[in-house]
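Participant: The sequence isn't on hand, but the structure is:
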């Protein structure tokens, strides 16, 4: 045999074990990946997802039109209250005339120059929460208003 024939035979002998080794490695990686993917759903099935947050409770009030401290300025404001629970919404609905009266008195005491700023609107929202927090009737719990949302706000 010639030297070139011997070199070709040696090269073929090297390639066969190398290809077998690569094939075995690929099969091992594929098998591990399959096993690992099968283990994850079982682990995630054990952990329960957190419960969804409770649905928000909103209470929309009709718009208010009030004269401010000076007779030349008028405030037109619409608000929606975010409440803690349905019991608070039922209480506010039941005593709606008193709720509206408290808010009208609060709005009529406001100063137009303060309400023109964002800070003044935030202070008004805080004042609304405080005004509605006091019990409507003695012996009843306080109303928990978590947020005041403006739906209309016109200052003339």
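Facilitator: Looks like it came in fine. Fair warning: this is a prediction, and the values are worked out from it, not measured in the lab.

Participant: Can you show me the strands along the chain?
Facilitator: Defined through DSSP state E, the strands belonging to the chain, from first to last, are 57-60, 64-67, 74-83, 145-155.

Participant: Can you add mean neighbour count and mean pLDDT and give the ones you listed back as a markdown table?
Facilitator: All C-beta atoms are positioned from the backbone trio N, CA, C, and that covers glycine. As requested, those are exported to a markdown table (neighbours: other C-beta atoms under 10 Å; pLDDT from 0 to 100):
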| stretch | mean neighbour count | mean pLDDT |
| --- | --- | --- |
| strand 57-60 | 15 | 96 |
| strand 64-67 | 14 | 93 |
| strand 74-83 | 18 | 95 |
| strand 145-155 | 13 | 95 |
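
Participant: Of all those strands, which one comes closest to residue 113?
Facilitator: With C-beta to C-beta, the closest approach to residue 113 among those belongs to strand 145-155: 9.7 Å.

Participant: quick one: strands adjacent to the closest one?
Facilitator: Within its sheet, and counting by DSSP bridges, strand 145-155 is paired with strand 74-83 (antiparallel).

Participant: helices and strands of the chain: which one bottoms out on pLDDT?
Facilitator: Lowest by mean pLDDT, DSSP states H and E among the helices and strands of the chain is helix 3-46, with a mean of 75.

Participant: middle-most residue in the protein, spatially?
Facilitator: In the chain, the centroid-proximal residue (C-alpha atoms, centre = their mean) is residue 53; its distance is 8.6 Å.

Participant: Alright, that wraps it up for me.
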